[in-house]
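**Student:** The following comprises the amino acid sequence and a computationally predicted model.
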Amino acid sequence: QVQLKESGGGLVQTGGSLGVSCTASGPGQSFSDYVMGWFRQAPGKERVWVAATSWSGRNSIYTDSVKGRFTISRDNVKNMVHLQMNSLKPEDTAVYFCAVQKTGVLNTIITGRNVTWGQGIQVTVAS
């Protein structure tokens with residue numbers, strides 16, 4: 001069974017930077033053929049997709065609101081995915097969820113269906 005654990009997050013001022021990481025684990029699991037991504041859920045709103053990276057890490061996609069500010073990366077040796085967030089805005093405040101999906105097609109994770117979720121970690125951007 002795949003398990004995901006997020007770390008990082010916290011409180012930062014507007015314009016600041018923060019990173020969140022996620023470590024994947026599971027008996028006998030290799031995550032090199034999984035798409036890995038991040039979603040976020042602001043208070044009172046639905047969970048939405050933020051970024052995703054292909055199994056190799058060579059291809060990444062981002063929702064429009066974070067393009068140019070966020071960078072997703074992965075380490076297939078450590079089974080980790082990282083989201084570096086720069087130029088943070090108050091509207092980036094949310095619980096951030098790591099997600100993985102066993103698929104060879106990068107953008108199928110965007111729907112949030114058939115994914116494994118982490119427990120979530122809070123990111124707060126103070127104005």
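**Tutor:** Here it is on my side, so go on.
**Student:** Of all residues in this structure, which one is nearest the centre?
**Tutor:** Trp38 (2.2 Å; CA atoms, centre = their mean).
**Student:** you'd agree that one is in a helix?
**Tutor:** No. Counting by DSSP: H, G, I helix; E, B strand; the rest coil, Trp38 falls outside a helix, being strand.
**Student:** Bridging across strands, which residues link to it?
**Tutor:** Under DSSP bridges, the beta-bridge partners of Trp38 are Ala51, Cys98.
**Student:** Does it touch Ala94 like I think?
**Tutor:** No. Contact criterion CB atoms under 8 Å: Trp38 and Ala94 do not qualify, at 10.2 Å. All C-beta spots, glycine's among them, are computed from the backbone N, C-alpha and C.
**Student:** show me the contacts for Asn114.
**Tutor:** Gln101 (CB atoms under 8 Å, 6 or more residues apart in numbering).
**Student:** Please identify the helix or strand for it.
**Tutor:** If you go by DSSP states H and E, Asn114 is not part of any helix or strand.
**Student:** Show me where the protein dips below the pLDDT cut-off.
**Tutor:** Scanning the chain for pLDDT under 70 picks out no residues.
**Student:** Compute the number of surrounding residues for the nearest residue to Gly16 once chain neighbours are set aside.
**Tutor:** Residue nearest to Gly16 in three dimensions, not counting chain neighbours: Leu88, with 5.5 Å by CB to CB, 6 or more residues apart in numbering. Leu88 has 22 neighbours, counted by other CB atoms under 10 Å.
**Student:** just the one 5 residues further on next, same as before
**Tutor:** The burial metric for Thr93, expressed as a neighbour count using other CB under 10 Å, is 18.
**Student:** any idea how far Ala42 is from it?
**Tutor:** 6 Å (CB to CB, to the nearest Å).
**Student:** how far is stretch 106-123 from where the chain is centred?
**Tutor:** Put simply, stretch 106-123 sits 7 Å off its chain's centre (CA atoms, centre = their mean, to the nearest Å).
**Student:** What residues of that stretch count as buried?
**Tutor:** Neighbour-count burial for stretch 106-123, counted by 16 or more other CB atoms under 10 Å, picks out Leu106, Ile109, Ile110, Gly112, Val115, Thr116, Gly118, Gly120, Ile121, Val123.
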